[in-house]
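Q: Here's a sequence, model it:
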Amino acid sequence: MSTTLNDNLPSSQKSETRSLFVMRLDVRKLQNVGATPSGYRRIGVVPEVRSKGAAFRRVLDGGSDWQTVRTDGATT
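A: This next block holds a predicted model:
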């Protein structure tokens, strides 16, 4: 009798999910930093955050999104 990987897995169980929060970020015009060896760098300053849900009670000012745009077009 042959066995497969699935033979050792537990039976499937129903799971339920729910959203933890909804967040809206206002981002200022991107600040272009310039080319680097890993890609083109830019920064988006986040002056305001609004959120709904139990996961956040307060968001501090001063956040930003630091991005690298790679030569293949992907942004990290």
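Q: Between the two ends of stretch 43-63, how far is it?
A: 10 Å (CA to CA, to the nearest Å).
Q: got the contact list for it?
A: 19-28, 30-31, 33, 64-67 (CB atoms under 8 Å, 6 or more residues apart in numbering). Every residue, glycine included, has its C-beta placed from N, CA and C.
Q: among those, which are in strands?
A: Residues from those lying in strands, with DSSP state E as the criterion: F21, V22, M23, R24, L25, D26, Q31, V33, S64, D65, W66, Q67.
Q: Now do the contacts for the third one.
A: Remark: with contacts taken as CB under 8 Å, 6+ apart, M23 is in contact with V49, R50, S51, F56.
Q: cool, and Q67?
A: Neighbours of Q67 in contact, by CB under 8 Å, 6+ apart: L30, R41, R42, I43, G44, T75, T76.
Q: three-state assignment of the fourth one?
A: To tie it back to what came earlier, the one meant is I43. Recorded secondary structure, I43: strand (DSSP: H, G, I helix; E, B strand; the rest coil).
Q: Just give the nearest non-adjacent residue to it, would you?
A: Q31 (4.6 Å; CB to CB, 6 or more residues apart in numbering).
Q: mind checking how far that neighbour is from R18?
A: Remark: distance between Q31 and R18 (CB to CB, to the nearest Å) = 36 Å.
Q: Tell me the strands beside the helix or strand of the chain with the lowest mean pLDDT, with direction?
A: When the helices and strands of the chain are compared on mean pLDDT, DSSP states H and E, strand 48-53 comes out lowest with a mean of 78. When pairing is defined by DSSP bridges, strand 48-53 lines up against strand 21-26 (antiparallel).
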